[in-house]
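Asks: Turn this into a model:
(chains A and B)
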Amino acid sequence: MIRLFLTKLYNEKLAFYSFVYLIFLILLSIIAYFFAPYDPDVQDLSNIMAPPNSEHWFGTDELGRDIFTRTLIGGQAAIQAGIVGILIPLFIGVPLGVISGYVGGIIDDIFMRIVDAVLSFPAILLALAITGALGVNLWNAMIAIGVIFTPQFARLSRGQTLQIRREPYVEAAKISGSGPIWIMMNHIIPNISSPIIVQASFSFSLAILIEASLSFLGMGAQSPQISWGGMLHQAYSMIFVNPLMMVFPGLAILLSVLAGNFLGDGLRIMFDPRTSRL
Amino acid sequence: MKQELIKVENLQASFSSQQGTIHAINNVNFSINEGEIVALVGESGSGKSVTALSIMGLNAGNIKYSQNSTIYYRGENLLASKPKTMKKIRGNELSMIFQDPLSSLNPLQKIGRQIAEPLMLHLGYSYQKCIERIIELLTMVGIPSPEQRINHYPHQLSGGMRQRVMIAMALACDPKLLIADEPTTALDVTIQAQILSVLKKLQKEMNISIILITHDLGVVAELADRVLVMYSGKIVEEADVYSLFESPKHPYTKGLLQSVPNLRGDKENHLYTIPGTVPNPLNLPKGCSFYNRCMHASPKCHDKSPTWKYDNKSLTRGYSCWHPLTDREEVKHYV
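Replies: Predicted coordinates:
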């Protein structure tokens, strides 16, 4: 199964390399705890704002902290935000959508109106409001990201469910005496999983971006916790003194977001039988 | 005397739509005995499938049954029973196979797992415990090397095999009644014959009753004991399979028999078709619904709907027509 997935993904070069990059990023941010060349918080005031060199690959910031180490550790916040940001909608949005699509009627109306209400707020504004209400830290930022994505997942899975529930095998399952929960778990969710996986991949990169935005605005990760958005914010104040400080966290965000999008695109092509290449 | 398994009485069903009420079934009465194969014949839209789905309790939500409609299964009115009871009966005692085996199997589940579904649901078995039974079922429906097949996905099987899997799934819990909704329509002719012989063999072995829904009279002649001809939501003729082909009483039945392509037929003549179309179920005529297409129609047919008449004492042969066909010479053997 996994081998088949990887061989198929290998045919979509860009998506494959993005996938490898993301795996690499996740591993790197985990092992960064143990193998980072410097302590990310230790200041070296004799060596501030150094340009990239053999000792400090990405240079140092205005307090002499190693930017390479901080970028690695900052990846943890991004990855966490990405993962939590898609887990919340997967476990809340998808069941909501499947139930409202399969059951229909008044339940569908109620769920979808809630979804409409959440969707009617601009994403960043809603995230700011939620973190503002819950308290400013990385966890609440991640919850906010999850809340933003939940309606999209609910809509998507509802639409897919409406299609699948008319399939004869669902009818056949009913004839075997299966109840609605059994049918949803065994027949509907597996069959709508591919568009959801694609959506999850896009959302992963978007979650990284939103987390960075929130942290940049000071509504996400708080110092001393390191995040790419926070590093950008810090570099922003030094923009005329040492513009290089911006480059590395910015590049990290750019690459991760791009990778998520390329992976999503590749998965979409991979799962779409009309465009599948053998 | 054989025991009655299902008795459908005064079944009347309608759907409400934006254009008005669609009268899908208008007063259908029939019964099915244990171990009997009954064919339900008629053209598209004549109410065959709605009748079958009514027995299974699986019609769309907007269906309305009339007050006195009843479907008795072993003394229990299925139309009045609770969803929970229906869920228990469905798949366990009443079972169904569909027209299209290609889409009736979940493409993401191994076939063994799918056949196990009714067993797991009704008998509470775990999958491991089912395997023996699944292999037995697959052997019964004639699938070679079932031990390997249970781990295959539907796309790895041919159409005929998939229909066999569907049959195995339907028979998993030893049902009393199997509804076969055009089981061979999607298959090619040689596979059709195989599937029919599987059905026939299993019916004998397990003594199940089968309702065979079809518009293929060849299938009817092959399999059925008794035939119900449906037209526009009504049963217009009921007969055992021999007398139906020998001497149809209703002009519609005769028309159906004549529309079967004949290998030895005249090359000059086009294939016979019944002129006209089925009346719109939104707006049924007050007289006989076959009036506008019937060669024997009289003003009486236009004004008054024909009543059901039995042709013999044992009440197994009946029709609903004001002018039943009598002349045996008119009908040749077509099938």
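Asks: Could you use CA atoms for every contact and neighbour count after this?
Replies: OK.
Asks: burial count for residue A:18?
Replies: Neighbour count for residue A:18, taken as other C-alpha atoms under 10 Å in any protein chain shown: 23.
Asks: you'd agree it is up against residue A:260?
Replies: Yes - using C-alpha atoms under 8 Å, residue A:18 is in contact with residue A:260, at 6.9 Å.
Asks: ok, residue A:271 - contacts?
Replies: Counting by C-alpha atoms under 8 Å, 6 or more residues apart in numbering or on different chains, residue A:271 touches A:194-195.
Asks: switch to 10 Å and redo it
Replies: By C-alpha atoms under 10 Å, 6 or more residues apart in numbering or on different chains, the contact set of residue A:271 is A:8, A:193-195, A:197-198.
Asks: Just the C-alphas of stretch B:49-60, formatted as CSV.
Replies: This file holds the C-alpha atoms of stretch B:49-60, laid out as CSV (Å, rounded to 0.1, in the frame of the first residue of the first chain):
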residue,chain,number,x,y,z
SER,B,49,-38.6,-1.8,-8.7
VAL,B,50,-40.9,0.3,-6.5
THR,B,51,-42.8,-2.9,-5.5
ALA,B,52,-39.6,-4.7,-4.7
LEU,B,53,-38.2,-1.8,-2.7
SER,B,54,-41.5,-1.5,-0.8
ILE,B,55,-41.0,-5.1,0.4
MET,B,56,-37.4,-4.2,1.5
GLY,B,57,-38.7,-1.0,3.0
LEU,B,58,-36.1,1.0,1.2
ASN,B,59,-38.1,3.4,-0.9
ALA,B,60,-37.1,7.1,-1.0
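Asks: Show me which residues of it are buried.
Replies: By neighbour count with 16 or more other C-alpha atoms under 10 Å in any protein chain shown, stretch B:49-60 contains the buried residues B:49-59.
Asks: the strands in chain B, which residues?
Replies: B:4-17, B:20-33, B:37-41, B:63-65, B:70-73, B:76-77, B:94-97, B:177-181, B:209-214, B:226-231, B:234-240, B:309-310, B:318-319 (DSSP state E).
Asks: sorry, back to before: mind putting the buried residues of stretch B:49-60 into CSV with distance to residue B:276 and pLDDT?
Replies: As requested, these are exported to CSV (distance: C-alpha to C-alpha, whole Å; pLDDT from 0 to 100):
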residue, distance to residue B:276, pLDDT
B:49, 22, 85
B:50, 23, 87
B:51, 24, 89
B:52, 26, 87
B:53, 28, 86
B:54, 28, 88
B:55, 31, 88
B:56, 32, 86
B:57, 33, 83
B:58, 31, 80
B:59, 29, 76
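Asks: in the sheet, who's paired with the residue lying closest to residue B:96 once chain neighbours are set aside?
Replies: Leaving out its chain neighbours, the residue that sits closest to residue B:96 by C-alpha to C-alpha, 6 or more residues apart in numbering or on different chains is residue B:179, at 4.5 Å. For residue B:179, the beta-bridge partners under DSSP bridges are residue B:96, residue B:211.
Asks: re earlier: tell me which two in the buried residues of stretch B:49-60 are the farthest apart.
Replies: Spanning the widest gap among the buried residues of stretch B:49-60 are B:49 and B:57, at 11.8 Å by C-alpha to C-alpha.
Asks: Need the pLDDT of residue B:178.
Replies: Residue B:178 carries a pLDDT score of 92 in this model.
Asks: Tell me who's in contact with it.
Replies: Shown in contact with residue B:178 (C-alpha under 10 Å, 6+ apart): B:37, B:91, B:93-97, B:167, B:170-171, B:199, B:203, B:208-212.
Asks: Quick check on these: which are buried?
Replies: Using 16+ other C-alpha under 10 Å as the burial test, the contacts of residue B:178 include B:37, B:91, B:93-97, B:167, B:170-171, B:199, B:203, B:208-212 as buried.
Asks: So which residues of the stretch 101-250 of chain A form helices?
Replies: In the stretch 101-250 of chain A, helices defined by DSSP state H, counting those that start in this stretch lie at A:105-119, A:123-134, A:138-164, A:168-175, A:180-183, A:189-216, A:228-236, A:244-271, listed in chain order.
Asks: Distance to residue A:65 added to these, as JSON lines?
Replies: Shown next, in JSON lines, are those (distance: least, C-alpha to C-alpha, whole Å):
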{"stretch": "helix A:105-119", "distance to residue A:65": "41"}
{"stretch": "helix A:123-134", "distance to residue A:65": "29"}
{"stretch": "helix A:138-164", "distance to residue A:65": "22"}
{"stretch": "helix A:168-175", "distance to residue A:65": "59"}
{"stretch": "helix A:180-183", "distance to residue A:65": "54"}
{"stretch": "helix A:189-216", "distance to residue A:65": "19"}
{"stretch": "helix A:228-236", "distance to residue A:65": "11"}
{"stretch": "helix A:244-271", "distance to residue A:65": "11"}
